[in-house]
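A.B. asks: Next comes the sequence, and after it the predicted model I'd like to discuss.
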Amino acid sequence: MNRFEYVAAPDVGGALAARRPDAAFKAGGMDLLDLMKSSIRAPGRLVNLLTIDELKGIDVDTSGATIGALATLAEIADHPDLARMFPALALAAGHAATPQVRNVATIGGNILQRPRCWYFRMAQYPCLKKGGDTCFAMDGENKYHAIFENSLCAMVHPSNTAVALLALDAVVRTAGSGEIPIRKFFVTPDQDILRESALAEGELVTQLFIPATGARSHYLEFRERQSFDWALVSAAAAAELEGQTLNNARVVLGSVAPIPWRIDLGEIAATDEALDRAADEAVRGATPLAKNKYKVQLARTAIRRSLRELARATE
Ligand SMILES: Cc1cc2nc3c(=O)[nH]c(=O)nc-3n(C[C@H](O)[C@H](O)[C@H](O)COP(=O)(O)OP(=O)(O)OC[C@H]3O[C@@H](n4cnc5c(N)ncnc54)[C@H](O)[C@@H]3O)c2cc1C
Ligand code: SF4
């Protein structure tokens, strides 16, 4: 690991004042320190955010949920009002990693973690995402890689909470540009090969806001091992219920594309046949690589099951 300066930011203003081109914000540090230990990142200054009280806390009222960027995954998973109003988010946070990780990992850091692609994580592979000229996954070990939007870089976005936040139409609040709708927050490799978010260099995430729309939501994931593991495929579904119809239905798939992969289904009958048809249609455009064809079937099943879970309220 490189040598670095350490700054404990007293407040948001102090964190912004401590910025410089080679500085990095540190929240829980789970991802950042991992990358530093592997020599993938080498910031000259770490600006610790954990000392900033105004970035902490979760507040839920009739307008929605305001979640501080430093709220931990454990706090989100265990929050009774979030579980009641936005179950997809509580479930997504609760499924991530291990209890130890969830106690440290923050939601701000979770949506900003870098790719888990093993070629990206090893310094000896100078892939496209690190400024090189090759994607080693294309003809390499691509079992865990993307089945959508994978022609340039086949990484999958690693964040559980991003999947739920996109299904719930959240807004990212920052100390810089104000508000970024989550639909515009994640960027594809075609848009910017070196970054995964629209956050400007040195921009600080302060809060996530989820509007209360009355939508029902659900999150599920499939893993190789049940103890702790990254999802092979996950899905967050949300919709408003009206009689036997799901209105404004959407499903966001995780671990299938470089961004959380949103599928808007509009108005759909809450019947097994209609939901199965929607799932079949949603995966029709998949372009799996040599070793990840299994993800297409997993994605289809994840869509079907998450939508059926929403529809169960009408039975
Ligand atoms: C064993 C293990 C299993 C895991 N499994 C999962 C899983 O299943 N699902 C999942 O989603 N994750 C999983 N993770 C990843 C873990 O959840 C993330 O590493 C963690 O959420 C990152 O949050 P952090 O607070 O530690 O971020 P940090 O490491 O502190 O920061 C991550 C990045 O975000 C930036 N950043 C952080 N906060 C802000 C802010 N407020 N404003 C601007 N920039 C900011 C940092 O500069 C850095 O670039 C796993 C990790 C481990 C070790
Ligand atoms: S999938 Fe993306 S991150 Fe992985 S090797 Fe290819 S370019 Fe790099």
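C.D. replies: Thanks, I have it. Ligands and ions are numbered 1, 2, ... in the order given.
A.B. asks: Tell me which residue of the chain lies closest to ligand 1.
C.D. replies: Ranking the residues of the chain by distance to ligand 1 (Cβ to the nearest ligand atom) places Gly109 first, at 1.9 Å. C-beta here means a position set from N, CA and C on the backbone, and glycine is covered the same way.
A.B. asks: count of residues packed around that residue?
C.D. replies: 24 (other Cβ atoms under 10 Å).
A.B. asks: Could you list which residues are in contact with it?
C.D. replies: By Cβ atoms under 8 Å, 6 or more residues apart in numbering, the residues touching Gly109 are 27-32.
A.B. asks: change it to 10 Å
C.D. replies: Gly109 is in contact with 25-32, 49, 69-70, 72-73, 159, 205, counting by Cβ atoms under 10 Å, 6 or more residues apart in numbering.
A.B. asks: My reading is that it lies in a helix. Confirm?
C.D. replies: Yes: assessed by DSSP: H, G, I helix; E, B strand; the rest coil, Gly109 belongs to a helix.
A.B. asks: Sort out for me which of the contacts of Gly109 are in helices.
C.D. replies: Secondary structure defined by DSSP state H assigns 30-32, 73 of the contacts of Gly109 to helices.
A.B. asks: does ligand 2 sit close to stretch 281-288?
C.D. replies: No: Stretch 281-288 does not reach ligand 2 (Cβ under 6 Å from any ligand atom); its nearest approach is 13.7 Å.
A.B. asks: follow-up on the earlier one: nearest to Ile58 among the ones in helices among the contacts of Gly109?
C.D. replies: Leu73 (11.7 Å; Cβ to Cβ).
A.B. asks: Tell me which residues touch the closest one, please.
C.D. replies: With Cβ under 10 Å, 6+ apart, Leu73 has these contacts: 28, 30, 90, 92-97, 99, 101-107, 109-110, 160-161.
A.B. asks: Can I have the buried ones of the residues you listed as a ChimeraX selection?
C.D. replies: In ChimeraX, a selection of the buried entries from the contacts of Leu73 looks like this (16 or more other Cβ atoms under 10 Å):
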select :28,30,90,92,93,94,95,96,97,101,102,104,105,106,107,109,110,160,161
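A.B. asks: before we move on, the earlier item: which two of the ones in helices among the contacts of Gly109 lie the greatest distance from each other?
C.D. replies: The widest separation within the ones in helices among the contacts of Gly109 (Cβ to Cβ) is 15.8 Å, between Leu32 and Leu73.
A.B. asks: Could I get the pLDDT score of Ser227?
C.D. replies: At Ser227, the predicted lDDT confidence score is 68.
A.B. asks: Can you give me the end-to-end span of stretch 31-43?
C.D. replies: By Cα to Cα, to the nearest Å, the extent of stretch 31-43 from end to end equals 13 Å.
A.B. asks: which stretch of helix or strand covers Glu267?
C.D. replies: In the assignment (DSSP states H and E), Glu267 maps to strand 261-269.
A.B. asks: Extract the CA atoms of that strand and return them as CSV.
C.D. replies: What follows is strand 261-269, C-alpha atoms only, in CSV (Å, rounded to 0.1, in the frame of the first residue of the first chain):
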residue,chain,number,x,y,z
TRP,A,261,-30.3,-3.2,-15.6
ARG,A,262,-33.8,-1.7,-15.5
ILE,A,263,-36.7,-3.2,-17.4
ASP,A,264,-39.9,-1.1,-17.6
LEU,A,265,-43.0,-3.2,-18.1
GLY,A,266,-45.7,-0.6,-17.7
GLU,A,267,-49.1,-2.0,-17.0
ILE,A,268,-49.2,-5.7,-16.7
ALA,A,269,-51.8,-8.3,-15.7
